[in-house]
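Engineer: next come a sequence and a model predicted from it.
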Amino acid sequence: MSFIADKTFKTQDYTQNRLPKGEYENCIFEGCTFENSYLDNQNFMECEFIDCNLSNANLAHTIFKEVSFSHCKLMGLKFEDCSNFLLDFSFTSCILNLSSFYGLTLKNQLFNDCKLIEVDFTEADLTLANFGNSDLDRAIFYETNLQKADFTKTKNFNIDPDKNRLKAAKFSKDALLGLLVKHKIKVA
């Protein structure tokens, strides 16, 4: 496996020819396309993905350590297939619709200004997560640890307090309806 450090990859298309297997450290991927490609068994450490499309990519055994995604399209990804060794990433202004974080430990996870429509967070540990300005329409929260998570600026969430751990989680007054949906309570 090659070691690639401090390199910038711009507007590369990896849909036909896959990204060479390697350990990528402190690299920047800008405007690259990985849609439906194979990113399995790759190591990304302290890398940035900016304006990239990784939708439906294979992430099996991939390591993401201190990786940031901004303005990326990440639809249909199964993040639970990644290596959970040193797993650490953040998302800013990304589209993560139909992705899954099933069973992952993602304490202090940042989802800032993201579309998280129909994302599966079942059995994930999202203690202290921040969902600032994100859309959680039809996102699945079941047996999810959301203690101390920040939902103050989110919209369209539906979280059952009986089926999730919410101790000290933060919500805005306007968003409280997302906790009452199952009771079919109408607030005027």
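Structural biologist: Structure's in. What do you need? In this text the structure is predicted, and so the values were computed from the model without any measurement.
Engineer: residues near residue 138, how many?
Structural biologist: 14 (other C-beta atoms under 10 Å). Yep, even glycine has a C-beta here, placed from its N, CA and C like the rest.
Engineer: correction: the previous question concerned residue 81.
Structural biologist: 15.
Engineer: list the contacts for the closest residue to it other than its chain neighbours?
Structural biologist: Nearest in space to residue 81, with sequence neighbours left out and distances taken as C-beta to C-beta, 6 or more residues apart in numbering, is residue 60 at 4.7 Å. By C-beta atoms under 8 Å, 6 or more residues apart in numbering, the contact set of residue 60 is 40, 41, 81, 82.
Engineer: please apply the same query to residue 144.
Structural biologist: Contacts of residue 144 (C-beta under 8 Å, 6+ apart): 121, 122, 123, 124, 125, 126, 164, 165.
Engineer: how's this structure carved up into domains?
Structural biologist: What automatic domain parsing lists as the domains of the chain is 1-99, 108-188.
Engineer: dump these into JSON lines; add mean pLDDT as well.
Structural biologist: Formatted as JSON lines, the domains of the chain follow (pLDDT from 0 to 100):
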{"stretch": "domain 1-99", "mean pLDDT": "97"}
{"stretch": "domain 108-188", "mean pLDDT": "88"}
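Engineer: hang on, residue 174 in a helix?
Structural biologist: Yes - per DSSP: H, G, I helix; E, B strand; the rest coil, residue 174 lies within a helix segment.
Engineer: how many other residues sit next to it?
Structural biologist: There are 10 residues near residue 174, going by other C-beta under 10 Å.
Engineer: cool, residue 65 as well?
Structural biologist: Residues near residue 65, counting by other C-beta under 10 Å: 16.
Engineer: distance of it relative to residue 83?
Structural biologist: Relative to residue 83, residue 65 is positioned 9 Å away (criterion: C-beta to C-beta, to the nearest Å).
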